[in-house]
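**Student:** the following block contains a protein sequence and its predicted model.
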Amino acid sequence: MFRAALRLSVSGARSLTRSRPQYTASVAARSYSHGKQETDEEFDARWVTYFNKPDIDAWELRKGMNTLIGYDLVPEPKILEAALRACRRLNDLASAIRILEAVKDKSGPHKEIYPYVLQELSPALSELGIPTPEELGIDKA
Amino acid sequence: MLATRVFRLVGNRTLSTSICLRGGHGVAKVEDYTLPAYFDRRESPLPDIKFVQQLSPEQKSLKEKEKGSWAALSKEEKIALYRISFKESFAEMDKGSGEWKSVVAGIFFFIGFTGLVVLWQRKYVYGDVPHTFDAEYKQKEVQRMLDMRINPVEGFSAKWDYENSVWKK
């Protein structure tokens, strides 16, 4: 009961300052004092479904990514994988690379997040042939 | 019919403004600022339009190649595809400029110039100081203050040794 109460009292975004390597996507930035709070898993599932739409169009990809980056969280690797696959369906390699850059930028001072995300995404990256910004050398100004 | 011809003329850009014909007067010119714009923003990683709108033939063929396996693309081709869609990478858009040095230099320069103006004013604009600033007058003033016992407990006269007529050490 206490844990549930603690859950409900954490409103909006949760910052990733915990040292344990669990980079769950936190609840979206809607803080109701009443009503059901969306769990992390529901949030993730919703976004994975969004990007997994087979006939997603370019606008929806852009809108989805820009909205997702607007939240106060680093997206889970499974959401990012769905987004990268959407890029593949749209034949848009540049956007795929941009998404990786955005993830690194989103992590801010938490330098351990980006390598973790890349590690989780490495099967998808090699399957789709997506290079990381570091491989292309565009991570340096 | 006229509207569709105009649509073809304007090209592939997504039109956010609607083109309508009113009373046979023709079509309003689509202003640049009304169309989606490109900008590099950290918070909005995928802009509304690609950076390069008119593709050269090599770029067009590269775009065709992009429809195949991405693993078949060379590193330069991948970078070229990135640069078609985007102007600056995150690293490039985030890097600072050296502008602050110019700003600080400008600040110092203008402070220095103001100093020169002040010195010139002192020499050529201001008149003489009043006679009450003369050394002799000041001496008499101090003596008068000591005679009046100004601030005798902790302040002015407290620091004067009346026995020996000197300032206390």
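**Tutor:** Perfect, thanks for sending it.
**Student:** for residue A:61, give its distance to residue B:65.
**Tutor:** Relative to residue B:65, residue A:61 is positioned 20 Å away (C-beta to C-beta, to the nearest Å). C-beta here means a position set from N, CA and C on the backbone, and glycine is covered the same way.
**Student:** of the two, which one has the most company?
**Tutor:** Legend: neighbour count by other C-beta atoms under 10 Å in any protein chain shown for residue A:61 and residue B:65, higher for residue A:61 (22 against 15).
**Student:** and the helices in the chain?
**Tutor:** Using chain A. Assigned by DSSP state H, chain A shows helices spanning A:2-9, A:40-51, A:58-70, A:77-89, A:93-107, A:113-128, A:133-136.
**Student:** wrong chain, I was asking about chain B
**Tutor:** B:2-10, B:57-66, B:75-85, B:90-94, B:99-124, B:135-147.
**Student:** residue contacts, the closest residue to residue A:50 other than its chain neighbours?
**Tutor:** Spatial nearest neighbour of residue A:50, chain neighbours left out: residue A:64 (5.6 Å); criterion: C-beta to C-beta, 6 or more residues apart in numbering or on different chains. The neighbours of residue A:64, taking C-beta atoms under 8 Å, 6 or more residues apart in numbering or on different chains as the test, are A:47, A:50-51, A:83.
**Student:** what would the helices of chain A look like in TSV with distance to residue B:137 and mean pLDDT?
**Tutor:** Below are these laid out as TSV (distance: least, C-beta to C-beta, whole Å; pLDDT from 0 to 100):
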stretch	distance to residue B:137	mean pLDDT
helix A:2-9	75	46
helix A:40-51	83	96
helix A:58-70	73	96
helix A:77-89	83	96
helix A:93-107	71	96
helix A:113-128	75	96
helix A:133-136	77	94
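**Student:** out of those, flag the one nearest residue B:71.
**Tutor:** Closest to residue B:71 of those is helix A:113-128 (C-beta to C-beta; 8.0 Å).
**Student:** any idea which of the helices of chain B is most buried?
**Tutor:** helix B:75-85 (a mean of 18; mean count of other C-beta atoms under 10 Å in any protein chain shown).
**Student:** how far does that one sit from the chain's center?
**Tutor:** Between the centre of helix B:75-85 and the centre of its host chain there is 32 Å, according to C-alpha atoms, centre = their mean, to the nearest Å.
**Student:** all good on my end, thank you.
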